[in-house]
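1. Structure, please.
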Amino acid sequence: MPGPAKAGLFIYAKDFNRLARFYESILMLSFIHQSDEFIILQSPDIQLNIHAMPQHIADSITISSPPVHREQSALKFFFTVPSISAARNVAAEWGGEVFTEQWSGPGFHVCNACDPEGNIFQVREDIPSTLT
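-> Next up, the predicted model:
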């Protein structure tokens, strides 16, 4: 197992196995470790810890299909992907969604996305620079 991560994110999940497979696939993360309560995924940029919610909390949450978007979060994370179009296809396969509305920033395009449990995040695609 690699050394301690420099940056990371914990996501508490009702179905931590499903959510881990979603993020592993859409973000092309490497599987690092799994226990009965969490799965660790990693890239050179970030470590993602998908942690099972305590059972009493999980029992009070209903996940619909498609999921209800949890847009009232105080945090929203972004991840750079090679292709927003490819991410859109993978997200749909795993029960999530990359929304169609797209913005551009300095050196990237970005879309909001939703994972299978309704958590909102962003995917960004680098725009190749052109030197003239």
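2. So what's the gap between stretch 62-69 and the chain middle?
-> 16 Å (CA atoms, centre = their mean, to the nearest Å).
3. and that stretch, average pLDDT?
-> In this model, stretch 62-69 has an average pLDDT of 88.
4. For Ser104, give its distance to Asn89.
-> Applying CB to CB, to the nearest Å, the value for Ser104 to Asn89 is 21 Å. Yep, even glycine has a C-beta here, placed from its N, CA and C like the rest.
5. burial measure for Leu19, as a count.
-> 26 (other CB atoms under 10 Å).
6. Quick check: closest non-adjacent residue to it.
-> Spatially, and ignoring its direct neighbours in sequence, Leu19 is nearest to Ala13 (4.1 Å; CB to CB, 6 or more residues apart in numbering).
7. tally of neighbours for that neighbour?
-> Ala13, neighbours per other CB under 10 Å, totals 25.
8. what bridges to it?
-> Ala52 (DSSP bridges).
9. Look up how far Met53 lies from it.
-> 6 Å.
10. and what of Phe16?
-> 8 Å.
11. more neighbours, those two?
-> Phe16 (22 against 17).
12. which SS class is Ser60?
-> Following DSSP: H, G, I helix; E, B strand; the rest coil, the label given to Ser60 is coil.
13. which residue packs closest to Ile57, ignoring adjacent ones?
-> Tyr12 (8.0 Å).
14. That neighbour: neighbouring residues, count only.
-> Look at Tyr12: counted by other CB under 10 Å, it has 17 neighbours.
15. need the contact list for it.
-> Taking CB atoms under 8 Å, 6 or more residues apart in numbering, we find Tyr12 in contact with His51, Ala52, Met53, Ile57.
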